[in-house]
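Asks: Got a sequence here, can you model it:
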Amino acid sequence: MGLLEIARQLGVARGTVQARLAKLEARGVITGHGPEVDPVAMGYTISAFILIELAQGELAAAVDVMESIPELLEADAISGPQDLICRVVARDTEHLQEIVNRLTATPAIRRCTSYIVLTRQVPPRTTPLIEAAAQPARVPGR
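Replies: Next comes the predicted model:
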């Protein structure tokens, strides 16, 4: 949605919308305006999560390998028996195996466990969070 349409829907000037967006960007609330793409439409029909167990003290080396794999969409450090969880996409299961093989080829990564996504029940979203944050704080017991 463009700035003019936002301004029209809110009943404010375009400059007001632009200034408020700039403030949200400066505070780090809005982190990007990039395109949202559907990996399936690009031929990546498999979506999976990979749990990674690192060799002691090898996080930086593992991150270097992960950043070199375009199909690895995100990675987070986690608590528990594994060290990282990654979201990946692949063209098919053989391609997923190639991704796992690339990860485990480095001594920084001791073990990978992959879980193929069968269906997505709740897509990535932030609108409910934004709507909840816009509501007045609820007082417990009221």
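Asks: mind giving me the domain split of the chain?
Replies: 1-34, 39-116 (automatic domain parsing).
Asks: quick one: the helices in this protein?
Replies: For the chain, applying DSSP state H gives helices covering 3-10, 14-26, 59-67, 93-104, 127-134.
Asks: among the ones you listed, which is nearest residue 37?
Replies: For the helices of the chain, proximity to residue 37 was assessed by Cβ to Cβ; helix 93-104 is nearest, at 17.6 Å. Yep, even glycine has a C-beta here, placed from its N, CA and C like the rest.
Asks: buried residues in that closest one?
Replies: 95, 96, 99, 100, 102, 103 (16 or more other Cβ atoms under 10 Å).
Asks: Redo the helices of the chain as CSV? Include distance to residue 44 and mean pLDDT.
Replies: Formatted as CSV, those follow (distance: least, Cβ to Cβ, whole Å; pLDDT from 0 to 100):
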stretch, distance to residue 44, mean pLDDT
helix 3-10, 32, 86
helix 14-26, 30, 87
helix 59-67, 17, 97
helix 93-104, 8, 98
helix 127-134, 25, 86
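Asks: Export the ones you listed as TSV, with columns for distance to residue 86.
Replies: Output for those, formatted as TSV (distance: least, Cβ to Cβ, whole Å):
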stretch	distance to residue 86
helix 3-10	35
helix 14-26	28
helix 59-67	7
helix 93-104	8
helix 127-134	23
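Asks: Tell me which of these approaches residue 47 most closely.
Replies: helix 93-104 (9.6 Å).
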